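Enquirer: model this:
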Amino acid sequence: MKVKLALAAALLSATFFASAASAKTFVYCSEGSPEGFDPGLYTAGTTFDASGHPIYSRLLEFEPGTTKPVAGLAESWEISEDGTVYTFKLRSGVKFQTTDFFTPTRELNADDVVFSIGRQIKTDDPWHQYVPGTSWEYAAGMGFPDLIKSIEKVDDLTVKFTLNRPEAPFLANLAMPFASIMSKEYADSLDAAGKKEQLNQMPVGTGPFTFVGYQQDAVIRYKKNADYWGPAPKIDDLVFAITTDASVRYQKLKAGECHLMPYPNAADVESMKADPNLTVLEQEGLNVAYMAYNTTQAPFDKVEVRKALNKAINKKAIVDAVFQGMATPAKNPIPPTMWSYNDAIEDDSYDLDAAKKMLEEAGVKDLSMKVWAMPVSRPYMLNARRAAEIIQDDFAKIGVKVEIVSYEWAEYLERSKAKDRDGAAILGWTGDNGDPDNFLDTLLGCDAVGGNNRAQWCNEEFNSLVKKAKTTADQEERTKLYEDAQVVFKREAPWATLDHSLSIVPMRKGVTGFTQSPLGDFTFEAVDISE
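Expert: Here you go, the predicted structure:
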C-alpha cells in the first residue's frame with residue numbers, strides 16, 4: 001500500500017509541477033474512483049466524469065450550463081411525423097484518438113454508432129456480455145431494448161434509429177454519457193487479440209482528452225486530444241487526483257495542489273468563500289437523496305411499515321447536520337426545480353408516537369434492520385454515514401435496531417442492486433438530462449428493478465403513468481401524468497425521501513472557463529488557468 005501511494009504521489013507531483021511554460025496542467029481532486037472506462041456499463045456520476053466526459057463524445061451534447069441537447073457527433077437530425085424514426089447525419093472528418101495502445105486507420109462513421117448502442121440492447125451481440133455480469137444498467141433501466149426496434153447504417157455518415165413507439169426524451173437520452181460513441185475498429189482489434197476486456201480499461205474515443213493512464217484509486221492522467229472535433233481544450237494535461245476525504249480535498253485546494261474540487265464539507269463552505277485565493281460557485285442541485293427499502297423483503301413489503309419508518313426520520317436534523325442548511329428536506333422523488341414537481345403533495349410528518357403505533361398495528365415487533373451508507377460524498381449526500389447515524393438514533397426511539405453497513409463505492413453500487421438485498425440503502429441521483437423521466441422511470445420504473453430501482457419496486461399504476469408520459473409529446477399532458485405518478489409514489493413509499501441539496505463547487509482563483517452544470521457533471525474541455 002505504501003509503495004502504491006508513494007507512486008501515486010510521485011505521478012501527481014511530477015504532473016502538477018511540470019513547467020508552466022511548456023504545458024498547462026489542470027488537477028481535479030475527484031471524490032472517488034471510476035468503476036471502469038466504458039460509460040455504457042455504469043450509472044455513477046463519478047465514473048461518467050472520469051470516462052464519458054473527457055474521453056468520449058455522443059451524437060448530441062448538452063449545451064454547457066443547460067439541459068438543452070445540441071449537435072454533437074451528429075451535425076443534424078430529422079424526426080418522422082409519428083415520432084418513431086430518427087435519422088442522424090454525422091459530422092465528417094471526426095477522428096478517434098491515437099494512443100500508445102491503438103492507432104486508428106479510419107474516421108468516425110455509422111458503424112461506430114450502431115456498435116455503441118446496439119451492444120447495449122441486443123442480447124445476441126458478441127459484446128453484450130464482454131464484461132462478466134454486465135447489465136447495461138442505464139439502457140436497460142430506460143427500456144431501450146424494448147424501445148429501439150432497429151439501428152441501421154444508411155451510409156457512412158447517416159444512421160437511422162427506428163423506435164417501437166414515440167419517446168419524448170429520446171434526444172436528451174442520447175446526449176447522456178451511457179450513449180457515448182466507441183470505436184468499432186478498436187473493439188474489433190481487441191476481439192481479434194482476445195483482449196475484449198481492455199475496452200473497459202484502456203479507452204479510445206473522440207472526446208476532448210486522450211486517456212494516458214490510471215493508477216487505481218489514486219490518479220488518472222489525460223492529455224489534450226490534438227484531433228478533437230470541437231474547440232481545442234486550453235489545457236494540455238488533465239489529472240484526476242482521487243481524494244475520497246472532503247477535508248483532504250480542501251487542504252489540497254488551499255495548498256494549490258489541485259485547481260478544483262467537488263462536494264466540500266458543508267462546514268468548510270464559509271471559510272472557502274472568505275479565502276481570497278478561491279472562488280466558490282453555487283446553484284440549486286437537480287438532485288434527490290433517498291433511502292430505498294427493499295420492497296420485496298419482509299417486513300418492508302408492507303406499505304404500512306415503510307410509512308411508519310418514514311415518519312420516524314427527522315429529515316431536518318439530517319439537513320442541519322450533514323448540509324448545515326445548504327439543502328432542503330425532500331418529499332418527492334424529483335427536485336422542486338424540475339418541471340412537473342407536485343408541490344401539492346404533503347410530506348410524512350415527523351411523529352415518533354404515530355410511527356411506533358403504525359408498526360404495532362402492522363404486527364411488527366423487535367425489528368432489526370440494516371441501513372446501507374454510501375462511502376463517498378455526492379452532491380445530494382455529503383456524508384451518508386452521518387445521515388445513517390441520525391436515522392439509526394431515530395429508529396431506536398421506536399424500537400427498531402439498526403446496523404449501519406457500507407462497502408467500497410463500486411461494490412456498494414453493485415451489491416445494492418441485488419434483488420435479495422436486506423434493509424434500506426441510502427443513495428441519490430442527480431438528473432442526467434433535465435427530464436422527469438430520468439428520475440421517475442429510470443429509478444422507479446419496472447424496467448429498472450435489479451438495476452437503478454434499488455427499492456425493487458414495480459407498481460403497475462405508477463409504471464403505466466410514467467410509460468404513458470414518455471410517449472406523449474405535449475408537455476402539459478406529461479406534467480399531469482408525472483404529478484399523478486408522484487401521488488402514487490408518496491402513497492406507496494418505496495423510499496424515504498431525504499433531501500435536495502445545493503451544488504457547491506470551490507476552485508482556485510486562476511481558473512476560468514469552468515461552467516457549473518445543472519446535471520452535476522464536471523467537464524474540463526473549456527477550462528483554463530492563469531496561475
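Enquirer: does residue 369 belong to a helix, a strand or coil?
Expert: Assigned by DSSP: H, G, I helix; E, B strand; the rest coil, the conformation of residue 369 is strand.
Enquirer: mind listing the residues bridging to it?
Expert: With DSSP bridges applied, residue 369 shows beta-bridge pairing to residue 402.
Enquirer: contacts only, for it.
Expert: Contacts for residue 369 were tallied using C-beta atoms under 8 Å, 6 or more residues apart in numbering; they are 395, 400-403, 422-424. Just so you know, the C-beta spots here come from the backbone N, C-alpha and C atoms, and that holds for glycine as well.
Enquirer: got the buried residues for the helix or strand hosting residue 280?
Expert: Following DSSP states H and E, the helix or strand that holds residue 280 is strand 278-284. Buried residues in strand 278-284, counted by 16 or more other C-beta atoms under 10 Å: 278-279.
Enquirer: and for stretch 236-250?
Expert: Counting neighbours by 16+ other C-beta under 10 Å, stretch 236-250 gives 237-244, 246, 249-250 as buried.
Enquirer: so for the strand holding residue 280, mean pLDDT?
Expert: Here strand 278-284 scores 95 as its mean pLDDT.
Enquirer: how far off centre is it?
Expert: Centroid displacement of strand 278-284 relative to its chain, using C-alpha atoms, centre = their mean, to the nearest Å, is 20 Å.
Enquirer: kindly report the same for stretch 196-207.
Expert: Taking C-alpha atoms, centre = their mean, one finds the center of stretch 196-207 at 19 Å from the center of the full chain.
Enquirer: what about that stretch, how long is it end to end?
Expert: The first and last residues of stretch 196-207 sit 21 Å apart, counting by C-alpha to C-alpha, to the nearest Å.
Enquirer: before we move on, what about stretch 286-302?
Expert: From the first residue to the last, stretch 286-302 extends over 30 Å; the measure is C-alpha to C-alpha.
Enquirer: who does the strand holding residue 280 pair up with?
Expert: In the sheet, strand 278-284 lines up against strand 495-508 (antiparallel) (DSSP bridges).
Enquirer: immediately after the partner strand, which helix or strand?
Expert: Beyond strand 495-508 on the C-terminal side, the first helix or strand identified by DSSP H and E is strand 511-512.
Enquirer: what does whichever helix or strand comes after that next one contact?
Expert: Beyond strand 511-512 in the direction of the C-terminus, DSSP H and E gives the next helix or strand as strand 528-529. Defining contact as C-beta under 8 Å, 6+ apart, one finds that strand 528-529 is touched by 24, 26, 234-235, 259, 508, 510-513.
Enquirer: okay if I get those as CSV plus neighbour count?
Expert: Shown next, in CSV, are these (neighbours: other C-beta atoms under 10 Å):
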residue, neighbour count
24, 18
26, 25
234, 16
235, 23
259, 25
508, 21
510, 13
511, 18
512, 13
513, 14
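Enquirer: and which of the residues you listed is nearest residue 97?
Expert: Nearest to residue 97 among the contacts of strand 528-529, counting by C-beta to C-beta, is residue 235 at 16.2 Å.
Enquirer: the closest one is in contact with residue 25, isn't it?
Expert: Yes: under the criterion of C-beta atoms under 8 Å, residue 235 is in contact with residue 25, at a separation of 6.9 Å.
Enquirer: which residues in the stretch 201-350 of the chain form strands?
Expert: For the stretch 201-350 of the chain, strands defined by DSSP state E, counting those that start in this stretch occupy the ranges 209-215, 219-224, 237-241, 278-284, 287-293, 327-329.
Enquirer: paired strands for the fifth one, with orientation please.
Expert: The reference is to strand 287-293. Strands adjacent to strand 287-293 in the sheet, as given by DSSP bridges, are strand 424-430 (antiparallel), strand 495-508 (antiparallel).
Enquirer: convert the longest one to PDB, retaining C-alpha atoms only.
Expert: It stands for strand 495-508. Only the C-alpha atoms of strand 495-508 are listed here, as PDB (Å, rounded to 0.1, in the frame of the first residue of the first chain):
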ATOM      1  CA  TRP A 495     -38.300   5.300  -0.500                       C
ATOM      2  CA  ALA A 496     -37.700   7.600   2.400                       C
ATOM      3  CA  THR A 497     -37.000  10.800   0.500                       C
ATOM      4  CA  LEU A 498     -34.300  12.700   2.400                       C
ATOM      5  CA  ASP A 499     -33.100  15.900   0.800                       C
ATOM      6  CA  HIS A 500     -32.400  18.100  -2.200                       C
ATOM      7  CA  SER A 501     -29.100  19.900  -1.900                       C
ATOM      8  CA  LEU A 502     -27.300  23.000  -3.300                       C
ATOM      9  CA  SER A 503     -24.400  22.200  -5.600                       C
ATOM     10  CA  ILE A 504     -21.200  23.900  -4.400                       C
ATOM     11  CA  VAL A 505     -18.000  24.000  -6.500                       C
ATOM     12  CA  PRO A 506     -14.900  25.600  -5.000                       C
ATOM     13  CA  MET A 507     -11.900  26.300  -7.200                       C
ATOM     14  CA  ARG A 508      -8.700  28.400  -7.400                       C
END
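Enquirer: mean confidence for it?
Expert: Here strand 495-508 scores 96 as its mean pLDDT.
Enquirer: buried sites along stretch 96-111?
Expert: Of all the residues in stretch 96-111, those buried under the rule 16+ other C-beta under 10 Å are 96-97, 99, 102, 104, 107-111.
Enquirer: what residues are up against residue 311?
Expert: Counting by C-beta under 8 Å, 6+ apart, residue 311 touches 348-352, 354-355, 358.
Enquirer: in helices, which of those residues appear?
Expert: The members of the contacts of residue 311 that map onto helices under DSSP state H are 352, 354-355, 358.
Enquirer: in JSON lines, list those along with neighbour count, pLDDT and distance to residue 172.
Expert: What follows is these, written out as JSON lines (neighbours: other C-beta atoms under 10 Å; pLDDT from 0 to 100; distance: C-beta to C-beta, whole Å):
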{"residue": "352", "neighbour count": "14", "pLDDT": "98", "distance to residue 172": "42"}
{"residue": "354", "neighbour count": "16", "pLDDT": "97", "distance to residue 172": "41"}
{"residue": "355", "neighbour count": "25", "pLDDT": "98", "distance to residue 172": "39"}
{"residue": "358", "neighbour count": "21", "pLDDT": "97", "distance to residue 172": "40"}
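Enquirer: mind putting those residues in JSON lines, distance to residue 216 included?
Expert: Rendered in JSON lines, the data for these read as follows (distance: C-beta to C-beta, whole Å):
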{"residue": "352", "distance to residue 216": "45"}
{"residue": "354", "distance to residue 216": "49"}
{"residue": "355", "distance to residue 216": "44"}
{"residue": "358", "distance to residue 216": "47"}
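Enquirer: and which of the residues you listed is nearest to residue 304?
Expert: The closest of the ones in helices among the contacts of residue 311 to residue 304 turns out to be residue 358 (C-beta to C-beta; 5.9 Å).
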